[in-house]
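> Model the structure of this input:
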Amino acid sequence: MAGILARATGQPLGNLLGRMGKAGSAGGRTATDGTALRPLTVRGLSVAYARKPVLWQVDYAAPAEGLIAIVGPNGAGKSTFIKACLGLVPSLSGEVEVFGADVKAQRRLIGYVPQRSSVDWDFPVTALDVVLMGRYGAIGWCRPIRRRDREAAMACLEKVGLTDFAGRQIGQLSGGQQQRVFLARALAQEARLYFMDEPFAGVDAATERAILDVLHTLDAEGRTVICVHHDLQTVADYFSHVLMLNVTKIADGPVATTLNADTIQRTYRGRVNALELGLAAA
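Next up, the predicted model:
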């Protein structure tokens, strides 16, 4: 199982899921003075690959409620932003806080769904095995998998409509089914903050509906979901808030007031015609 996460994140399985296990109520969403804590606060985040800036001085505070899309052109640093927040890639500068504390102390509150293309689907594990990875933080390392953990994993597969495929090797599943398996794994972590890297990319209609159902359920439960999203035409349908990136932050806020011709022009630098998307100027 370590091979899947090593390919997906560049880190051994123990370095990721061991730190991103079950999130209990202790994580909280309220400060001692009764105000809502921001699920994610980023200050001055910069990342470079081979001395080329990929992210530059990004400041961002996620809203306490709602589904959030990260949008921008290819190479804008969207996936890098997520990975830098998780500590999966080194940063040149910056601070990342989750619910008011350093992200390193809040790993158990975070769930992560990587891009499907980054996973080794030939690895000999079943769909149930993958979902059980999300329970490792609760089980503990070098300890047997408990009956209640298997039941929890099966319940997560049921939420994404894949109970009949629990024993299927993951490489034998369709692309949409594979995406749903990794979504179920994230659900098994019972996190408070979820990062998802293009969960809707290349999926069929049934998977799209299943993902949307899960996202709405997480939102209704008061959990925060931040998704890299590639389709501007569906941002307003799927999400309530948006973060627009192109190496640096261009804009962020509610979709209704933030996603407009001006911000699209500045984010995509003329590569997208906002008028064709039915968006008026600010």
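> And stretch 240-257, how far out from the chain middle?
Put simply, stretch 240-257 sits 16 Å off its chain's centre (CA atoms, centre = their mean, to the nearest Å).
> What's the mean pLDDT across it?
For stretch 240-257, mean pLDDT rounds to 97.
> what does stretch 151-166 give?
93.
> What of stretch 81-89?
If you average the pLDDT values across stretch 81-89, you get 95.
> Alpha carbons only: can I get it in PDB?
This file holds the C-alpha atoms of stretch 81-89, laid out as PDB (Å, rounded to 0.1, in the frame of the first residue of the first chain):
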ATOM      1  CA  PHE A  81      -0.600  25.500  -3.400                       C
ATOM      2  CA  ILE A  82      -2.400  22.500  -1.900                       C
ATOM      3  CA  LYS A  83       0.800  20.500  -1.600                       C
ATOM      4  CA  ALA A  84       2.600  23.400   0.000                       C
ATOM      5  CA  CYS A  85      -0.200  23.800   2.500                       C
ATOM      6  CA  LEU A  86       0.100  20.100   3.400                       C
ATOM      7  CA  GLY A  87       3.900  20.300   3.600                       C
ATOM      8  CA  LEU A  88       4.300  17.800   0.700                       C
ATOM      9  CA  VAL A  89       6.600  20.300  -1.200                       C
END
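> any residues touching it, and which ones?
Applying CB atoms under 8 Å, 6 or more residues apart in numbering, the contact partners of stretch 81-89 are 9-11, 16, 40, 42, 45, 47, 55, 58, 70, 80, 91, 94, 96, 103-104, 110, 112, 195, 197, 226, 228, 245. No exception for glycine: its C-beta is placed from N, CA and C like everyone else's.
> pretty sure residue 96 belongs to a strand, no?
Yes. Per DSSP: H, G, I helix; E, B strand; the rest coil, residue 96 lies within a strand segment.
> Mind listing the residues bridging to it?
For residue 96, the beta-bridge partners are residue 42 (DSSP bridges).
> That one and residue 45 touch, don't they?
Yes. Using CB atoms under 8 Å as the test, residue 96 is close enough to residue 45 to be in contact (6.9 Å).
> Neighbour count: those two, which is higher?
Legend: neighbour count by other CB atoms under 10 Å for residue 96 and residue 45, higher for residue 45 (24 against 19).
> Can you name the residues that contact the nearest residue in space to that one that is not next to it in sequence?
Leaving aside its sequence neighbours, residue 45 sits nearest to residue 94 (CB to CB, 6 or more residues apart in numbering; 3.4 Å). Contacts for residue 94 (CB under 8 Å, 6+ apart) come out as 42-46, 57-58, 84.
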